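1. mind folding the following:
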Amino acid sequence: MENDVAFCEYLTKEIGVAAIPSSVFYFNPEEGKNLVRFTFCKDEETLKAAVERMKK
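-> I've put the predicted structure just below:
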């Protein structure tokens, strides 16, 4: 992928798993362009389903 934003868009649209591009948290976005942030505030079944989708 080109950068964190493109990867997060792909995850959301194609895999159905949301992530936040880390570059938005940096004064210089280039510093975070290879990182993404996940938040795990779902029930266990939802998390398991997300893991299975990302394995593909």
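2. going forward, measure contacts and count neighbours with C-alpha atoms only.
-> Noted.
3. per-residue confidence for L47?
-> You'll see L47 listed with a pLDDT of 88.
4. can you tell me how far it sits from I20?
-> From L47 across to I20, the span is 16 Å (C-alpha to C-alpha, to the nearest Å).
5. show me what contacts A19?
-> Neighbouring residues of A19 by C-alpha atoms under 8 Å, 6 or more residues apart in numbering: 8, 11-12, 36-39.
6. can you list these in TSV and add secondary structure?
-> Compiled in TSV, the contacts of A19 are given as follows (DSSP: H, G, I helix; E, B strand; the rest coil):
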residue	secondary structure
C8	helix
L11	helix
T12	helix
V36	strand
R37	strand
F38	coil
T39	coil
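7. buried subset of these as a ChimeraX selection?
-> With 16 or more other C-alpha atoms under 10 Å as the criterion, this ChimeraX line picks the buried residues out of these:
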select :8,11,36
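8. M54 and I15 touch, don't they?
-> Yes. Using C-alpha atoms under 8 Å, M54 makes contact with I15 at a distance of 6.6 Å.
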